[in-house]
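Undergrad: Sequence and computational prediction follow.
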Amino acid sequence: MELLGQFIEFTGFAQPEMWKNLIMIAVGLVFIYLAIKKDYEPLLLVPIGFGILIGNIPFPQDAGLNIGVYESGSVLNYLYFGVQKGIYPPLIFLGIGALTDFSALLSNPKLVLLGGAAQVGIFITLLGALALGFSPEQAAAIGIIGGADGPTAIFIASKLAPELMGAIAIAAYSYMALVPVIQPPIMKLLTTEKERRIRMKPSRSVPKSEKIMFPLLGLLATTFIAPGALPLLGLLFFGNLLKESGVTDRLAKTAGTSMIDIVTILLGLSVGASTQASVFLTPQSVYIFILGAISFAIATAGGLLFAKFMNLFLKEGDKINPLIGAAGVSAVPDSARVAQMVGRQIDPDNYLLMHAMGPNVAGVIGSATAAGVLLSYFLAG
């Protein structure tokens, strides 16, 4: 009977705060449901959702099992090391660079302004987080959620607010997955039917020499401005050079397929596991999710409204369809697809996808640059 009692004490059913774990397990199941049933970012939500399940299996914390993500020396802790030290996000950026064609941006360089305008959500949310009592470093890490860039959010949180890592990461990836749900109402609210019907001129053909020069000049221009973004932007542009050089196809293929898939699995699983109920279920997490939603909405609106502002100075025939301004957030390529979808609801023959990819990839660069600026400021301080 003594052995039976000891066995029962070690089961998850006997843990005093099991109800908290059950709440998080329900969240993990919702993530998996959205990924499989609704096809919302399955490559992200399935690993994260399953990681939430793994991280919230209740066990006695003082039993010396050494299995929890926060227990030094455990397997999960070793996997989480890549998140804590900001190793996984730059590797994700390497793969993104190897997969990204910057032709849409190069063919119409003024679209980079839309990617920059969408980052306004980061800085407005930073002020909101300060008003709610978060420290400046925590507020900066929370604000980056508005960039809709999960790897960047994880990278800056690992440097400025590691104690909020789980909540920031889950919020960032949740809103990335919900782009098709969140953005369309904002896009329709802030644009007229006439604006949504605007047809843009076909993009010019970009010569190979420009594609090769872009990652070289882009690296120098952005990292001289924001040295803190070097790990992210350095690998982003390196991956793109591998793709565009034409002489490193094997490396580009590896970076854009096998490597990014492996890192995505490790990142998603370990981030999900970090949402251990005892750490995650706090009022701060609720605030972070609310601020993240506000940040994402402001970023979407910022890109849209700036496109409308630019149209005031553009002659007829050169005007920008404001819908592509919403693609200035970094959710590549989902926000570009949403711009295409909303545009075709009004005009089925209006193809905005390639135009929207311009601000979309600019948003990736913009959010990483904003993160670098914040890191330089707060770490130096």
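TA: Noted; the coordinates are in hand.
Undergrad: Can you list the buried residues in stretch 251-264?
TA: 251-252, 255-256, 259-260, 263-264 (16 or more other Cβ atoms under 10 Å). Placement of C-beta: from N, CA and C, glycine included.
Undergrad: Please name the nearest non-neighbouring residue to Met310.
TA: Nearest residue to Met310, sequence neighbours excluded (Cβ to Cβ, 6 or more residues apart in numbering): Ile320, at 5.8 Å.
Undergrad: What is the burial count for that neighbour?
TA: 25 (other Cβ atoms under 10 Å).
Undergrad: Which stretches in the stretch 101-250 of the chain count as helices?
TA: Listed in chain order, the helices of the stretch 101-250 of the chain (DSSP state H, counting those that start in this stretch) span 103-107, 112-117, 120-131, 136-143, 150-160, 165-177, 179-189, 193-196, 208-225, 230-244, 249-254.
Undergrad: tell me the mean pLDDT for the first one?
TA: Just to be clear, that refers to helix 103-107. Mean pLDDT, computed over helix 103-107, is 93.
Undergrad: what residues does that helix touch?
TA: 111-112, 203-206, 210-211, 214, 354-362 (Cβ atoms under 8 Å, 6 or more residues apart in numbering).
Undergrad: cool, the second one as well?
TA: Taking contacts as Cβ under 8 Å, 6+ apart, the residues outside helix 112-117 that touch it are 105, 302-303, 305-307, 310, 320, 324-325, 327-328, 358-366.
Undergrad: From Ile365, how far out is Pro207?
TA: 21 Å (Cβ to Cβ, to the nearest Å).
Undergrad: For the residue lying closest to Thr282 once chain neighbours are set aside, give its distance to Leu233.
TA: Using Cβ to Cβ, 6+ apart and skipping residues adjacent in sequence, the residue nearest Thr282 is Ala167, 8.0 Å away. For Ala167, the distance to Leu233 (Cβ to Cβ) stands at 26 Å.
Undergrad: got it, and Pro47?
TA: Using Cβ to Cβ, Pro47 is found at 25 Å from Leu233.
Undergrad: between the two, who's got more neighbours?
TA: For Pro47 versus Leu233, neighbours defined as other Cβ under 10 Å are more numerous around Leu233 (27 against 24).
Undergrad: just to revisit the earlier point, between Pro207 and Ile365, which one's more packed in?
TA: Ile365 (23 against 11).
Undergrad: wait, what's in contact with that one?
TA: Ile365 sits next to 112, 115, 218, 222, 233, 236 when contact means Cβ under 8 Å, 6+ apart.
Undergrad: That one: helix or strand, and which one exactly?
TA: Assignment of secondary structure by DSSP states H and E places Ile365 within helix 353-380.
Undergrad: now the angle between helix 208-225 and that helix, please.
TA: Counting by axes from the mean of the first three to the mean of the last three Cα atoms, to 10 degrees, helix 353-380 lies at 30 degrees to helix 208-225.
Undergrad: Buried residues, helix 353-380. List them.
TA: Those would be 353-375, 378, for helix 353-380 by 16+ other Cβ under 10 Å.
Undergrad: do the same with stretch 136-143
TA: For stretch 136-143, by 16+ other Cβ under 10 Å, it's 137-143.
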